[in-house]
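Asks: could you look at this predicted model? Sequence included:
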Amino acid sequence: MKRLLDRLVMLSAIMFAGLLCCGQNTAAQGQDTKEDRTSIFERARKAAEQGDTEAQCKLGDVYRDGRDTTQDYAEAAKWFQKAAEKGLADAQCKLGKLYQTGQGVPQDYAEAVRWFRKAAEQGNAEAQCKLGAAYYTGQGVPLGYSESTKWYRKAAEQGHVEAQYNLGLAYYDRHHYTESIKWFRRAAEQEEAKAQYNLGLAYENGQGIPQNCIEAYKWFSLATTTAGESDMFEARNRVTGHMTPEQIAEGDKRIAAFVAKKQEKKE
């Protein structure tokens, strides 16, 4: 375990050094680019006012996030609406989110669902996940398990990590453990901490998959690294108490392999 911790510390140091270097470069260029960013914002606004759909959506992003201007959700909603009415799926999804949260527009779950549906039907994975969640919770639409899993699956198959995790939960709630594990694993491999934790529980309890304390230890440990919530630490400590030193060493080996593989992909 000490070797694993040393490795994780080393990786964290490398990542921090990279961020520090990036931050220094950004700071050095900050004064030179401030006027450029203002110019870009003005050009984007001009394009949006002339009816450019992509520019309208991007301008909505700028006002929503407060980038290079004062944050203004109402203004963001206005520009998202313009692009959404022209059929831009990304803008439709973003407008739906504002109606869902009541930022810049009156909170209206039914209106949120209306825009999510328009974007989802165009294949927008985020909107598909949001529509799946609406049916799962009955927010803006009647409760509907089949509709929920249908839309979650569409998004999950596109690699949307939240949809993969939510689909796993939906199957778990219906005791479809094998299918649940499939989607928890896909989300866990994308470093979704809750999915890693639930996959660890499945291995610990033998639910939908053969019981395996080494795999449980691996996924609990990865979850603690990703999110560090108390339940995750407790689960890892619980399973560690039933393992031999050899099993722990094997678990550490698998964790290191997972971390190294992820690092290779990032490079």
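Replies: Yep, it's here.
Asks: how many residues are close by residue 218?
Replies: Per other Cβ atoms under 10 Å, the neighbour tally for residue 218 reads 26. C-beta: built from backbone N, CA, C; applies to glycine.
Asks: isn't it up against residue 258?
Replies: Yes - if you go by Cβ atoms under 8 Å, residue 218 and residue 258 touch, sitting 7.3 Å apart.
Asks: can you give me the helices in the stretch 1-150 of the chain?
Replies: Using DSSP state H, counting those that start in this stretch, the helices assigned to the stretch 1-150 of the chain run over residues 2-49, 53-65, 73-85, 89-101, 109-120, 125-137, 145-156.
Asks: okay if I get these as JSON lines plus distance to residue 244?
Replies: Putting these into JSON lines (distance: least, Cβ to Cβ, whole Å) gives the following:
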{"stretch": "helix 2-49", "distance to residue 244": "17"}
{"stretch": "helix 53-65", "distance to residue 244": "51"}
{"stretch": "helix 73-85", "distance to residue 244": "56"}
{"stretch": "helix 89-101", "distance to residue 244": "49"}
{"stretch": "helix 109-120", "distance to residue 244": "49"}
{"stretch": "helix 125-137", "distance to residue 244": "41"}
{"stretch": "helix 145-156", "distance to residue 244": "37"}
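Asks: which of the ones you listed comes out lowest on mean pLDDT?
Replies: When the helices of the stretch 1-150 of the chain are compared on average pLDDT, helix 2-49 comes out lowest at a mean of 55.
Asks: if I look at the residue nearest to residue 207 when sequence neighbours are not counted, how far off is residue 227?
Replies: Residue nearest to residue 207 in three dimensions, not counting chain neighbours: residue 177, with 5.0 Å by Cβ to Cβ, 6 or more residues apart in numbering. Using Cβ to Cβ, to the nearest Å, residue 177 is found at 23 Å from residue 227.
Asks: these two - which one has more neighbours?
Replies: Taking neighbours as other Cβ under 10 Å, residue 177 and residue 227 compare with residue 177 leading, 18 against 15.
Asks: backbone phi and psi for the more buried one, please?
Replies: With angles defined as degrees, to the nearest 10, residue 177 sits at phi -70, psi -40.
Asks: shouldn't the residue nearest to residue 207 be in contact with residue 208?
Replies: Yes - the pair residue 177 / residue 208 is scored as a contact, 2.8 Å apart, by Cβ under 8 Å.
Asks: start to end distance for stretch 64-75?
Replies: Across stretch 64-75, the terminal residues are separated by 8 Å (Cα to Cα, to the nearest Å).
Asks: need the residues that contact that stretch.
Replies: Residues outside stretch 64-75 that contact it (Cβ atoms under 8 Å, 6 or more residues apart in numbering): 37-38, 40-41, 60-63, 76, 80, 94, 98, 103-105.
Asks: buried ones in that stretch?
Replies: By neighbour count on 16 or more other Cβ atoms under 10 Å, the buried set for stretch 64-75 is 64, 73, 75.
Asks: helices along the stretch 151-267 of the chain, start to end?
Replies: With DSSP H, counting those that start in this stretch, the ranges of helices along the stretch 151-267 of the chain come out as 161-173, 177-188, 193-205, 213-226, 230-240, 245-266.
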